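1. predicted coordinates and the sequence they were generated for:
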Amino acid sequence: MKRTKIKELLSSPKTGEDVLVKGWVRTKRGNKNVVFIALNDGSTISNIQVVAEASSFNEDLLKDITTGACLAVTGKLVESQGQGQNVEIAAASIELYGKSDAETYPLQKKGHSMEFLREIAYLRPRTNTFGAVLRIRHSMSFAIHKYFNDKGFFYLHTPIITGSDAEGAGEMFHVTTMDLANVPHSNDGSVDFSNDFFGKPTNLTVSGQLEGELGALALGDIYTFGPTFRAENSNTPRHLAEFWMIEPEMAFYDLTDNMDLAEDFVKYLIRYALENCREDLDFLNNMIDKGLLERLNFVVANEFVRITYTEAVNILVNSGKKWEYKVGWGTDLQAEHERYLVEEHFKRPVILTDYPMSIKAFYMKQNDDGKTVRAMDVLFPGIGEIIGGSQREENYEKLLSRIRELKIPEKDLWWYLETRKFGTAPHSGFGLGFERLILFVTGMSNIRDVIPFPRTPKNAEF
């Protein structure tokens, strides 16, 4: 008999049919006459109840069916006699695939702290919370590809190993095949990379943007979606050393086009979650964040406010609030400032534009005032910045001047500069941190809990 997933059985139950289900035991209860087993196979947050008449099964088999054990159950799908479910399976046969030691199985019926579950990340997907988060993560991945495909964008695979630093921040993981106990040095004392695998210093990418721009200047509209890495020693609920980024780049887009796309994109993703992940969202709304569904609907229903950085700074300075981080023109805004603008002042998502050149990356298009660049950050409730982007500087002389001003090695970016020589064009793009999106959509409070196996300072387990 072919296996049926529990989600399918519960969504369109055909009572009276013989079915085969396979999954893991969530709970077992009963008496000497009948045993009730809650079985879950990961396809849905809901369990299916298996009813086993004790007289029909080996006593040792029933004893070995404990929380965490893996079973295959064949039986008839029948209307449930009890509360809590519409259908259940009257078991005809049970095969025990894998026992689970009841004494040592870490996931007990009681609630567990998020900190404890991170220590057992190999098992936490079996909990209701993490099952819901991971199913939503999948749905959002699919929706991202669907959105861009339907808009005529092309998915560009940008390199994970790179010789350049897209952000100019220098917080990068080095890639090498050299023996670190015996690193070769040149006569001047510097590391000799000539015999390393690539013959030059290389790193794990912090962004696919620069290569994405090359694709946009040939294919028109592209997007990247892949892992990125920051060797930033940040132990906060918002930072990971390895995370996923969605980065569209569009030829012939100005800053307004860029903002329009960013707003449409995130609203599409949230609508998709509301329409396709309702069961998991209802659970998370009830158990993790009571305001989750209200917040998701709020973002979809409201137009985003668009103001300049200068206007935002004036609002913050005149707010009368005491800030942990000082705010003034020329300083980068912190999460407390961003969240105030969204949650208290405007009570809507906000897009900030035209930041000071001094606090933004070299590739952003310079405004005529000589002080600001055509940057944009999208700010969300509960999160702060969720998207960062800009119109890119297409003028060769201005771009080269900025690279030299920041002392970024030209030899690492010669290929990027070349595109400004051969048919340069206005173009724009942005980056959306996938895990920050998942934080918002799930209501989870720590970014370590929206990726299956988090990589953070001093932690590379599993």
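-> Yes, it's here.
2. switch to C-alpha atoms for all contacts and neighbour counts from now on
-> Will do.
3. contact partners for Gln108?
-> By CA atoms under 8 Å, 6 or more residues apart in numbering, the contact set of Gln108 is Thr67.
4. next one: Ser194
-> Counting by CA under 8 Å, 6+ apart, Ser194 has contacts Lys200.
5. separation between it and Ser207?
-> Separation of Ser194 from Ser207 (CA to CA, to the nearest Å): 26 Å.
6. Glu324 now?
-> 30 Å.
7. what about the closest residue to Pro454 other than its chain neighbours, neighbour count?
-> The shortest distance from Pro454 to any non-neighbouring residue, by CA to CA, 6 or more residues apart in numbering, is to Arg448 (5.3 Å). Using other CA atoms under 10 Å, Arg448 is surrounded by 22 other residues.
8. ok but Arg448 is inside a strand, no?
-> No. Arg448 sits outside any strand when classified using DSSP: H, G, I helix; E, B strand; the rest coil, being helix.
9. any idea how far it lies from Glu88?
-> Where Glu88 is concerned, Arg448 sits at a distance of 36 Å (CA to CA).
10. likewise Leu400?
-> 69 Å.
11. those two: which is more packed in?
-> The neighbour comparison of Leu400 against Glu88 (other CA under 10 Å) goes to Glu88, with 26 against 19.
12. phi first, then psi, for the more buried one.
-> When read as degrees, to the nearest 10, the backbone of Glu88 gives phi -150, psi 170.
13. show me the strands in the stretch 151-300 of the chain, by range?
-> Shown for the stretch 151-300 of the chain, the strands assigned by DSSP state E, counting those that start in this stretch span residues 154-155, 161-162, 174-175, 202-204, 221-229, 242-251.
14. which other helices and strands contact the second one?
-> Just to be clear, that refers to strand 161-162. strand 202-204 (3 or more CA pairs under 8 Å, 6 or more residues apart in numbering; DSSP states H and E).
15. same for the strand it packs on, what does it pack against?
-> Helices and strands touching strand 202-204, as assessed by 3+ CA pairs under 8 Å, 6+ apart, comprise strand 161-162, strand 174-175.
16. tell me the strands beside the last one, with direction?
-> The one in question is strand 174-175. strand 202-204 (antiparallel) (DSSP bridges).
17. quick one: contacts of the strand it pairs with?
-> With CA under 8 Å, 6+ apart as the criterion, strand 202-204 contacts 160-164, 172-176, 228-229.
18. how about the helices of the stretch 151-300 of the chain, start to end?
-> Counting by DSSP state H, counting those that start in this stretch, the stretch 151-300 of the chain has helices at residues 209-219, 255-276, 278-287, 292-301.
19. closest to Tyr309 out of the ones you listed?
-> Smallest distance to Tyr309 across the helices of the stretch 151-300 of the chain (CA to CA): 14.2 Å, for helix 255-276.
20. now the closest one and helix 292-301, what's the angle there?
-> 140 degrees (axes from the mean of the first three to the mean of the last three CA atoms, to 10 degrees).
21. so which elements touch helix 255-276?
-> For helix 255-276, the helices and strands in contact under the criterion 3+ CA pairs under 8 Å, 6+ apart are helix 128-150, helix 292-301, strand 372-380, strand 384-391, strand 427-433.
22. angle of that helix against helix 128-150?
-> Using the same axes, to 10 degrees: helix 255-276 against helix 128-150 is 130 degrees.
23. now do the buried residues in stretch 146-162.
-> When burial is assessed from 16 or more other CA atoms under 10 Å, stretch 146-162 yields the following buried residues: 147-148, 153-156, 158-159, 162.
24. that older thread, pick the most buried one from the helices of the stretch 151-300 of the chain.
-> A comparison of the helices of the stretch 151-300 of the chain by mean neighbour count, using mean count of other CA atoms under 10 Å, puts helix 209-219 on top with a mean of 20.
25. returning to what we had before: could you dump the helices and strands packed on strand 202-204 to CSV with distance to Asp64?
-> Output for those, formatted as CSV (distance: least, CA to CA, whole Å):
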stretch, distance to Asp64
strand 161-162, 49
strand 174-175, 48
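26. which stretch among the ones you listed approaches Gln366 most closely?
-> It is, among the helices and strands packed on strand 202-204 and with distance given as CA to CA, strand 161-162, at 26.3 Å.
27. which strands border the closest one, and is each parallel or antiparallel?
-> Here strand 161-162 has these sheet partners by DSSP bridges: strand 202-204 (antiparallel).
28. mean confidence for the strand it pairs with?
-> Taken as a whole, strand 202-204 has an average pLDDT of 95.
29. now for the contacts of strand 202-204, which pair is the farthest apart?
-> The widest separation within the contacts of strand 202-204 (CA to CA) is 17.4 Å, between Thr176 and Thr228.
30. who's more crowded, the two?
-> Thr228 (21 against 16).
31. which residues touch Glu263?
-> Glu263 makes contacts with Phe304, as judged by CA under 8 Å, 6+ apart.
32. swap in Lys365?
-> Taking CA under 8 Å, 6+ apart, one finds 373-375, 390-394 in contact with Lys365.
33. who touches the residue nearest to it when sequence neighbours are not counted in this structure?
-> Nearest non-adjacent residue to Lys365, counting by CA to CA, 6+ apart: Glu393, 3.8 Å away. By CA under 8 Å, 6+ apart, the contact set of Glu393 is 363-366, 399, 426.
34. for Ala54, find the nearest of the helices of the stretch 151-300 of the chain.
-> Per CA to CA, nearest to Ala54 of these: helix 278-287, 33.0 Å.
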